[in-house]
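Visitor: My questions are about this predicted structure, shown below with the sequence.
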Amino acid sequence: MYHAEDYINKILAGKPEFLTANNYINQQYISIAGETARSSIKAVLVTDPHVDFQYTVGADKNCNNYLCCRPDSGFPTDFERMASEWGEY
């Protein structure tokens, strides 16, 4: 089972120290505070994600289990029942 803190530590393990400091973002804001002309960026904000590390693309999304879209849900041949890449209800 994965825990969020373990996952974060795994990601940060190979990063430089200045990226792993808790104040990195605040330091970035301070460093650009005096600039007036800044370019804009496009960003995607994903809120309330529910990560399932057993989610499997192509697994049955309409199974009789509590959680579907996993290998134990089976793999249907009907395209309409297959779990898509970005999740299912």
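Guide: Great, that's in hand.
Visitor: Please state the offset of the helix or strand containing Lys10 from the chain centre?
Guide: According to DSSP states H and E, Lys10 maps onto helix 4-12. Here helix 4-12 is found 12 Å from its chain centre; the criterion is Cα atoms, centre = their mean, to the nearest Å.
Visitor: buried sites along that helix?
Guide: Buried residues in helix 4-12, counted by 16 or more other Cβ atoms under 10 Å: none are found. C-beta: built from backbone N, CA, C; applies to glycine.
Visitor: Kindly report the same for stretch 60-69.
Guide: Buried residues in stretch 60-69, counted by 16+ other Cβ under 10 Å: Asp60, Lys61, Cys63, Cys68, Cys69.
Visitor: Return the closest of the residues you listed with respect to Pro16.
Guide: Lowest distance from Pro16 to these (Cβ to Cβ) belongs to Cys69, with 36.9 Å.
Visitor: do you know how far the nearest residue to that closest one once chain neighbours are set aside is from Val46?
Guide: In this structure, Cys69 finds its nearest non-sequential neighbour in Ala83, 3.9 Å apart by Cβ to Cβ, 6 or more residues apart in numbering. Separation of Ala83 from Val46 (Cβ to Cβ, to the nearest Å) stands at 18 Å.
Visitor: In this structure Leu67 contacts Asp52, no?
Guide: Yes. Using Cβ atoms under 8 Å, Leu67 makes contact with Asp52 at a distance of 7.0 Å.
Visitor: which outside residues touch stretch 62-77?
Guide: 52, 54-56, 58-61, 81-83, 87-88 (Cβ atoms under 8 Å, 6 or more residues apart in numbering).
Visitor: repeat that with 7 Å
Guide: Asp52, Gln54, Tyr55, Thr56, Gly58, Ala59, Asp60, Lys61, Arg81, Met82, Ala83, Glu88 (Cβ atoms under 7 Å, 6 or more residues apart in numbering).
Visitor: could you give the mean pLDDT of it?
Guide: Averaging pLDDT along stretch 62-77 gives 91.
Visitor: what's the straight distance from one end of that stretch to the other?
Guide: Start and end residues of stretch 62-77 are separated by 13 Å (Cα to Cα, to the nearest Å).
Visitor: just stretch 51-59 next, same as before
Guide: 16 Å.
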